[in-house]
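Asker: Build me a model from this:
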Amino acid sequence: MLTENPNPRTAHIDRLSSLEILQVINDEDATVAMTVRRVLPVIAQAVDAITEHLRSGGSLIYVGAGTSGRLGVLEAVECVPTFNTDPAMVQGIVAGGQTALIQSAEGAEDDYEAGYSKMGEIGVSQRDVVVGIAASGRTPYVIGALKAATMYGAATVAVTCNEPAPMLDMVEYPIAAVVGPEVIAGSTRLKAGTAQKMILNMLSTASMIQLGKVYGNLMVGVKVTNQKLAKRAQGIVMTVANISEEEAIRLLEQTHNDVKTAIVMALLHVSVDEARERLTAANGILRRIIGDRPLVF
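Answerer: Residues are numbered from 1 along each chain as shown. Model prediction:
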């Protein structure tokens with residue numbers, strides 16, 4: 001596996017100064033984005049599949065072990081405040097369970113049966129998309145989960161940093177970001193982790209944009225859970241609807257902080273109920289209702 005091989009470019013890293021070590025790490029990191037760029041076509045195919053399944057009421061489920069699993073959980077958790085998704089819509093499963101999020105549970109990745117049975121426990125079906133994440137592309141826990149997901153009829157995606165790899169051969173959408181040997185041999189929390197994070201960001205963000213959670217580049221699906229997000233929601237309503245802060249606050253109070261509903265009310269001069277009805281008819285896509293608006297930042 002390339003991710004386990006020693007990197008000849010960093011063979012003498014232990015003899016370098018702190019600044020020189022950082023420069024070497026940074027040079028290696030700089031190669032990751034171009035590696036991800038090369039697999040954009042298959043990432044796009046996966047995004048289209050995810051969008052279709054989510055639009056039909058299914059779930060996006062990330063499964064991994066160690067760093068890969070934690071990255072999947074992070075991505076799932078962040079979708080709730082960013083796009084106001086139900087927690088069941090995007091889920092993160094890590095080998096070893098919640099304890100593995102804060103403590104090393106390396107042995108859990110070898111449990112094929114645990115990964116397989118987990119998909120049944122959470123009720124995976126043909127409505128869902130399961131994304132297996134493993135730098136090696138051969139983690140037994142993830143392979144078990146993908147095997148079960150396929151049996152239940154779910155769409156399947158693999159995100160790996162090795163090719164060939166068993167996971168790539170068992171999914172519909174094989175994404176292999178081959179970043180090469182790590183700065184520290186086998187430490188896949190480095191370049192491999194960076195590549196995986198970039199790809200997971202793309203999968204969820206692009207899917208949510210396709211589902212209408214974004215207008216222009218504004219987070220119109222934001223869930224207001226703190227003061228920062230409350231100010232963000234106000235700013236978005238003000239920007240899209242071109243209204244005062246006071247008016248934006250008033251509309252958000254009426255809609256219980258639903259940004260899209262507030263915008264429709266402001267621009268179409270309709271009630272809360274009618275605004276919600278129009279959004280439902282438009283599948284939640286704001287642009288279908290208000291068209292293109294000049295955004296003044």
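
Asker: which residues of the protein score low on pLDDT?
Answerer: In the predicted model of the chain, no residue satisfies pLDDT under 70.

Asker: domains for it, by residue range?
Answerer: Domain assignment of the chain by automatic domain parsing yields the ranges 2-210, 227-290.

Asker: Any chance of TSV for these, columns mean neighbour count and distance to Phe297?
Answerer: Placement of C-beta: from N, CA and C, glycine included. Conversion of the domains of the chain to TSV gives the following (neighbours: other C-beta atoms under 10 Å; distance: least, C-beta to C-beta, whole Å):
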stretch	mean neighbour count	distance to Phe297
domain 2-210	19	18
domain 227-290	18	7
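
Asker: which residues in this structure form strands?
Answerer: Defined through DSSP state E, the strands belonging to the chain, from first to last, are 60-64, 90-94, 129-133, 155-160, 173-176.

Asker: could those go into CSV alongside distance to Pro294?
Answerer: Formatted as CSV, the entries for the strands of the chain read as follows, by distance: least, C-beta to C-beta, whole Å:
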stretch, distance to Pro294
strand 60-64, 33
strand 90-94, 32
strand 129-133, 36
strand 155-160, 37
strand 173-176, 37
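
Asker: Of all these, which one is nearest Leu74?
Answerer: With C-beta to C-beta, the closest approach to Leu74 among the strands of the chain belongs to strand 90-94: 7.2 Å.

Asker: what does that closest one contact?
Answerer: 59-65, 69-70, 72-77, 79-80, 100-101, 118, 122, 145, 204 (C-beta atoms under 8 Å, 6 or more residues apart in numbering).

Asker: Grab the CA positions of that strand and hand them over as CSV.
Answerer: C-alpha atoms of strand 90-94 as CSV (Å, rounded to 0.1, in the frame of the first residue of the first chain):
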residue,chain,number,x,y,z
VAL,A,90,-26.5,12.7,7.2
GLN,A,91,-25.0,10.2,9.7
GLY,A,92,-21.5,9.3,10.7
ILE,A,93,-20.5,5.8,11.9
VAL,A,94,-17.1,5.2,13.4
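
Asker: ok now that strand, how far from the chain's centre?
Answerer: Between the centre of strand 90-94 and the centre of its chain there are 10 Å (C-alpha atoms, centre = their mean, to the nearest Å).

Asker: go on, stretch 92-112?
Answerer: For stretch 92-112, the gap between its own C-alpha mean and the chain's C-alpha mean amounts to 19 Å (C-alpha atoms, centre = their mean).

Asker: Quote the end-to-end distance of it.
Answerer: End-to-end span of stretch 92-112 (C-alpha to C-alpha, to the nearest Å): 17 Å.

Asker: same check, this time on stretch 104-115
Answerer: Between the opening and closing residues of stretch 104-115 we find a distance of 17 Å, counting by C-alpha to C-alpha.

Asker: And the helices in the stretch 151-297 of the chain?
Answerer: Taking DSSP state H, counting those that start in this stretch as the test, the helices found in the stretch 151-297 of the chain are 191-210, 227-241, 245-254, 259-268, 272-281, 287-290.

Asker: Go ahead and name everything in contact with the fifth one.
Answerer: This points to helix 272-281. Applying C-beta under 8 Å, 6+ apart, the contact partners of helix 272-281 are 254-255, 258, 260-262, 264-265, 268, 270, 286, 289.

Asker: Then stretch 12-20?
Answerer: 21, 24, 183-184.

Asker: for the contacts of helix 272-281, which one is nearest Ala176?
Answerer: Of all the contacts of helix 272-281, the one sitting nearest Ala176 is Leu286; the distance, using C-beta to C-beta, is 35.8 Å.

Asker: Now do the contacts for the closest residue to the closest one other than its chain neighbours.
Answerer: By the measure of C-beta to C-beta, 6 or more residues apart in numbering, the closest residue to Leu286 outside its immediate chain neighbours is Tyr215, 4.7 Å from it. Tyr215 is in contact with 240, 260, 263, 286-287, counting by C-beta under 8 Å, 6+ apart.
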